[in-house]
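Visitor: Pasting the sequence and the predicted model now:
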Amino acid sequence: MLKTIDIHINGETLCVPENITILEAAKMHGIKIPTLCHFPDQRVKANCRVCVVEVEGNRNLVASCSTPVREGMKVRTNSARVRETVQTILELIFANHPQECLTCIRNANCELRQLAAEHGIREIKTDMSTPLLPLDNSTPSIVRDPNKCIKCGRCAEVCHQVQTTGILYSHYRGINGAITPEYGKTLAEVACVLCGQCAAVCPVGAIHEKDDTAAVWAALENPNKHVVVQVAPAVRVSIAEEMGQAPGTIAVGKLVTALRRLGFNKVFDTDFTADLTILEEGNELLQRLKNGGTLPMITSCSPGWIKFIEHNYPEQLAHLSTCKSPQQMFGALAKTYYAEKSGIDPKDIVVVSIMPCTAKKYECTRPEMKSSGYQDVDYVLTTREFGRMLRQSGVDFKALADGEFDNPLGISTGAGAIFCATGGVMEAALRTVYEVVTGKELAKLEFESVRGLEGIKEATVDLDGLPVKVAVAHGLANARKVMDKIQAGEADYAFVEVMCCPGGCIGGGGQPYVTKRETRMARMDAIYQVDENMPLRKSHDNPAVQQLYKDFLKEPLGEKSHHLLHTHYQKRGL
Amino acid sequence: MEKLRKAVGDIVSELGPEKGSLLAILLAVQDASPESYVSEEAVNEIARLLNTSRSMVYSTASFYSEISLMPRGRHIVRLCINAPCEDAGKEEIRKALEKELGIKLGETTQDKMFSLEGVSCLGACFMSPAIKVDDKVYGDLTPAGAVRVMRELKEAAKNEHIS
């Protein structure tokens, strides 16, 4: 039984659970206390101080995010003293924050701007404007504007605790204080994996995705270009959210129509190449099991994860599946198979991806991703940039009619859809591997043991008498734990799935603000619903993939596959 | 590089490879450095041995003014820039030191002999204005006195060179 206590907030007596903070207690009872450094699922930092409240008996105001409730406590959250203090704190933050709100990328969803509006900031009284610091746009994925940083520390927390990449941290002291990589290096100079989780938690415009919408608009306007688009599985359960609907709203059909409205010549689906990945990767696993190859085999769909293992475990690269990610398989096929089939010169084809991911922007620029003879994928837009294009072109997303993906690269199964949730690639692979190995049909398609938000999931799957031990990790802190085990030779898994971001791609660094645990759950539930709604739910049942093998690739792991669909990795170190 | 790794490794195993020992490790590494600083290679090696991020080590090192991340001269001249010394004539001392050494506050002489730093209080307010040269504090200083201390050090180095 949860023990409760009585506290008094603004004269009201409230019954709240013990061992929670004043901030949490207030929230439970509909009292809003402003916050900035506080972020759901992160540890308490208590450095921004905008959540201060008055507690009777305390001479000073206290930070409500870090002060636990106690029996009989008397709290004021809206006294003149609190209101004036919060205003002063905000004014001090604004004193060295660029006054560029009108043109800032976070204009519509900046938490600082929102607080300024709510707390009636009408003038910036002090101007301690500090010297202009250089922008870090050294990578294809992330832009850091240190001038806009309010030093809340959310990015450092996610970079160190959730991802253990350990890139961003607070340095120096006082007025010189900055959150950067060590020695003020750029992101390109350190072992950043470009996952964009820092951008996803930044309350202001200090870290954001590199916006590639202008280049995509230009391609769409160019009459000599045939512009095809692929959409990642995660986007169908997050674009409606980006356009103002509830998290977990499914919008497969509207998504297709929206892309047609933007002017794409063909609207294709990354789920198609997700299915293809399963056939290649499933066969690779079977081959490794049969021929004594390096085990466990680890999935390779997530470019942030790939960069992480290249930097942090350069001696373990043989564990990675050689399969390219579905995005890159798509690009390679669009400029070969599709070009051939449609009679369009691949030099005139522009491949655009809509992804939940900032690392995908970097992945498409990797020098080895040119199997078609051209850069296989030209531009990657995150879900947020896609939303931006829809708003710019006046698309009323909710009112759109449902459309259907184009053939043949738009045909997919439910197995392709669940690729975007942690455990989804594993489940999709198991659905196929089981049937290939046993020759029997699965009685139940759902592999519940690999679903859900638990950090590391383990399961043993019975392939008709052959027990196969698998593991699933999401978020790089969890991936690191699994890798340490593998490196120490203490892991007896055959197959491991790793996704870089917490929750998998549905929680990617390019997804709508704000992604917290409940949001991940909602998007995850939605994608399993998408899977259930599909007439076909096993990758090897995909007729377009079967056709692709028949007409073009011939067989999984064949020569053409090797050339177009598989890749190699590089030791990067720290 | 190998030499540095060994030196850092010895210090870390002596003080304990825990994050709680970081400050002591940084100070010891600095003391062991002929250029009185913690180099980038040292930061990276400490991070590796403590199983933490480079940025975490750099964060601690860059926070404390006692730790330098830039190579420094053989002698570190610390000039107190706080109120009591300011009142007692710190500006004249600063000018005299800068003229004698040919560098500004925060810089190191070309011959790597002297680094001149401003510090907040040496705990010697009773004899302000004060400077600290390496481990020795000089108080109730006049500009001429400050110059004399510098010249003595230069002289000592010269003799060392001859012998």
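Guide: Looks like it came in fine. What you see is a predicted model; the values in this text were computed from it and never measured.
Visitor: from here on, contacts and neighbour counts on C-alpha atoms
Guide: Noted.
Visitor: Name the residues that touch the helix or strand containing residue A:352?
Guide: Assessed by DSSP states H and E, residue A:352 sits inside strand A:349-355. Strand A:349-355 is contacted from outside by A:216, A:219, A:225-232, A:234-235, A:327, A:331, A:334-335, A:339, A:376-383, A:386, A:510, using C-alpha atoms under 8 Å, 6 or more residues apart in numbering or on different chains.
Visitor: Tell me, domain by domain, which residues of the chain belong where.
Guide: With no chain named, the answer covers chain A. A:4-93, A:130-207, A:213-565 (automatic domain parsing).
Visitor: The intended chain is chain B.
Guide: Listed domain ranges for chain B are B:2-63, B:75-162 (source: automatic domain parsing).
Visitor: is chain A contacted by the first one?
Guide: Yes: contact of domain B:2-63 with chain A (C-alpha under 8 Å from any C-alpha of the partner chain) involves B:52-56, B:58-60, B:62-63.
Visitor: any idea how far residue A:189 lies from chain B?
Guide: 13 Å (C-alpha to the nearest C-alpha, to the nearest Å).
Visitor: Backbone dihedrals for that residue, please?
Guide: Main-chain dihedrals, residue A:189, degrees, to the nearest 10: phi -90, psi -10.
Visitor: Could you check the pLDDT of it?
Guide: Per-residue confidence (pLDDT) for residue A:189: 97.
Visitor: and it, how many neighbours?
Guide: With neighbours defined by other C-alpha atoms under 10 Å in any protein chain shown, the count for residue A:189 comes to 12.
Visitor: Run through the chain and note the low-pLDDT ranges.
Guide: Answering for chain A, as no chain was given. A:1, A:127-129 (pLDDT under 70).
Visitor: looking at chain B here, not the other one
Guide: For chain B, the ranges with pLDDT under 70 are B:162-163.
Visitor: ranges for the helices of it?
Guide: Using DSSP state H, the helices found in chain B span residues B:2-15, B:22-32, B:40-50, B:54-63, B:83-87, B:90-101, B:143-162.
Visitor: Present the ones you listed as TSV; the columns should include mean neighbour count and distance to residue A:433.
Guide: TSV is the format used below for those (neighbours: other C-alpha atoms under 10 Å in any protein chain shown; distance: least, C-alpha to C-alpha, whole Å):
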stretch	mean neighbour count	distance to residue A:433
helix B:2-15	15	48
helix B:22-32	19	50
helix B:40-50	19	40
helix B:54-63	23	42
helix B:83-87	17	76
helix B:90-101	18	76
helix B:143-162	13	77
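Visitor: quick revisit: in its sheet, what does the strand holding residue A:352 sit against?
Guide: Strand A:349-355 has the following strand partners under DSSP bridges: strand A:226-231 (parallel), strand A:379-382 (parallel).
Visitor: Just the buried residues of the first one, please?
Guide: When burial is assessed from 16 or more other C-alpha atoms under 10 Å in any protein chain shown, strand A:226-231 yields the following buried residues: A:226-231.
Visitor: what about residue A:436, which helix or strand?
Guide: helix A:424-438.
Visitor: Residue A:79: neighbouring residues, count only.
Guide: As a burial measure, residue A:79 scores 13 neighbours (other C-alpha under 10 Å).
Visitor: wait, what's in contact with it?
Guide: Residue A:79 sits next to residue A:54 when contact means C-alpha under 8 Å, 6+ apart.
Visitor: Mind exporting the C-alpha coordinates of the helix or strand in which residue A:156 is found to CSV?
Guide: Residue A:156 is part of helix A:154-157, with elements assigned from DSSP H and E. Presented in CSV, the C-alpha positions along helix A:154-157 are these (Å, rounded to 0.1, in the frame of the first residue of the first chain):
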residue,chain,number,x,y,z
ARG,A,154,19.7,17.9,-20.6
CYS,A,155,21.9,17.1,-23.6
ALA,A,156,24.9,16.2,-21.4
GLU,A,157,22.6,13.9,-19.3
